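In: Test case, fold it:
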Amino acid sequence: MNRAWNHHRIVASVVVLLLVGKIAPLFADSALRWVQVVAPGQSIQAAIDQAASGGWVYVLPGIYRETASTTNGLSISRSVHLVGLSTARKKVVLKNSGTQRNGIVAVPAAHTNCLSCHAALAPPFALLPGVPDAPSVEPAVRNVAISGITIEDFTNNGLFTRNVDGFAIVDVHAVGNKNYGIFPTRSTNGVILRSSATGADDSGIWIETSTNITAAQNVVTGNVVGLEVSNSDNVLLTRNEASGNSVGMALMFLPDAFDEFPDLRRIAIRGNHLHDNNKVNTARAGSPLATVPAGMGIFLLGADDSLIAGNVIENHGFVGIGVADYCLVMAGGPFDCATDPRLTEEFLLDSPASGNRVVGNRLRGNGTAPGPANPFAFAASDLGLMTVDDHGNCFQANVFATLFSTLGILPACQ
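Out: Take a look at the predicted model:
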């Protein structure tokens, strides 16, 4: 099926090129700006810059090292369709040309150069000393599509979006990008489809401060968190596979991103396969993620009105599905709610997990090896609930063998 799809895509591309060749003499530069073709040895960035808004940039298989920026491999600041013509045997691969921090960034033009001004491209996006704040902008990049590209070995992010309204990330593969593989932030109305991420010391795919996003049919392995959603609204994770991570999937309400998006709600995790996520947690020391125990299938922290349904969750040393209040599990550690100066009264009021439904999941072989260094080893189980009240969280029609609950029971759904 994939081979046939690739064949038809290449044939269609050739037809487009032939048509452009016939039309170009009539429309001169205008036609060529709508369709750009890049071959090995040529610059993808130059083609993006020359393309008309809404135009198409086709990239032939090969290895590309872009040198226009010392910070980003490729920068996109307006509507474009970037299509790698990868096949099963020949890929379009974007590699780090030296010390570049990001593979592909889709951000408003005002932010493109700013990406080199941050100490780290992760919440709270701390600027280097002496660098003024960049201007805040509403979504200014609309309708971006990126497909058929492998992004390798960048020091921060593989693919990063910010302030993008309408995006499609399809058949994009992030390999060995140190912090995050695929990382949309402050973006809306997007899809991440048939993509993969491996080798991140944080999240392979991280959807952060974003709304109306679907991530489907992706594969995440060998990261700290396979697929994470934080401080976002109306996100669907479906038919993904997560294995070999420290945590398969995580829904996390984070104070670092609270100023940008003060909620985490209406997240649906449906029909995914999560198994064998027991990798040692290698998150950056001192970060909140470094405090999260390894060996979890799904971890829901402080999220509201969300659904975990119809998933298969197997062979996690600590917990298959864990639902927890932020302040309860952070108590006594470096991010204790009683002493953490970052926490506002509004964050504390919303920090309990509430109104979440865990329904119709199949769990087996979880909670058998939590590890001696895990401070929550006593809670090892297929299903876990760590809340100070039920907060409207409920469980129904799950197949499981073991449970842990601070309430003594798992509240049933009405």
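
In: low-scoring stretches of the stretch 1-150 of the chain, by residue?
Out: Counting by pLDDT under 70, the ranges of the stretch 1-150 of the chain that qualify are 1-32, 111-139.

In: Run through the helices of it in chain order.
Out: 2-27, 29-34, 44-50, 109-112 (DSSP state H, counting those that start in this stretch).

In: what do you get for the stretch 301-414 of the chain?
Out: Taking DSSP H, counting those that start in this stretch, the helices of the stretch 301-414 of the chain run over residues 326-330, 345-350.

In: for the ones you listed, which one sits closest to residue 255?
Out: Relative to residue 255, the nearest member of these by C-beta to C-beta is helix 345-350, separated by 5.4 Å. For the C-beta atoms, the positions are set from N, CA and C on the backbone; glycine is no exception.

In: how far is the closest one from where the chain is centred?
Out: 25 Å (C-alpha atoms, centre = their mean, to the nearest Å).

In: Looks like residue 340 contacts residue 255 (just checking).
Out: Yes. The criterion here is C-beta atoms under 8 Å, and residue 340 meets it with residue 255 at 7.2 Å.

In: And the two? Which one has more around it.
Out: Comparing residue 340 with residue 255 by other C-beta atoms under 10 Å, the one with more neighbours is residue 255, at 24 against 16.

In: what's the nearest residue to the more buried one if we skip its chain neighbours?
Out: residue 342 (4.8 Å; C-beta to C-beta, 6 or more residues apart in numbering).

In: Return the distance of the residue nearest to residue 402 when sequence neighbours are not counted relative to residue 398.
Out: With sequence-adjacent residues excluded and distances taken as C-beta to C-beta, 6+ apart, residue 402 is closest to residue 381, at 4.2 Å. Separation of residue 381 from residue 398 (C-beta to C-beta, to the nearest Å) stands at 12 Å.

In: what does residue 366 give?
Out: 12 Å.

In: So which of the two has more stuff around it?
Out: Per other C-beta under 10 Å, whichever of residue 366 and residue 398 has more neighbours is residue 366, with 30 against 21.

In: How about that one, nearest residue that isn't a chain neighbour?
Out: Closest to residue 366 by C-beta to C-beta, 6+ apart is residue 320, at 3.5 Å.

In: Am I right that the one you found is in contact with residue 367?
Out: Yes. Taking C-beta under 8 Å as the definition, residue 320 is a contact partner of residue 367 at 7.0 Å.

In: hey, what's in contact with both of those two?
Out: 381, 382 (C-beta atoms under 8 Å, 6 or more residues apart in numbering).

In: Of the helices of the stretch 301-414 of the chain, which stretch is the most buried?
Out: helix 326-330 (a mean of 21; mean count of other C-beta atoms under 10 Å).

In: CA atoms only for that one - export them in PDB, please.
Out: Extracted in PDB, the C-alpha atoms of helix 326-330 (Å, rounded to 0.1, in the frame of the first residue of the first chain):
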ATOM      1  CA  TYR A 326      -0.600  17.500  40.500                       C
ATOM      2  CA  CYS A 327       0.000  18.700  44.100                       C
ATOM      3  CA  LEU A 328      -0.500  15.200  45.600                       C
ATOM      4  CA  VAL A 329       2.300  13.600  43.600                       C
ATOM      5  CA  MET A 330       4.600  16.600  43.800                       C
END
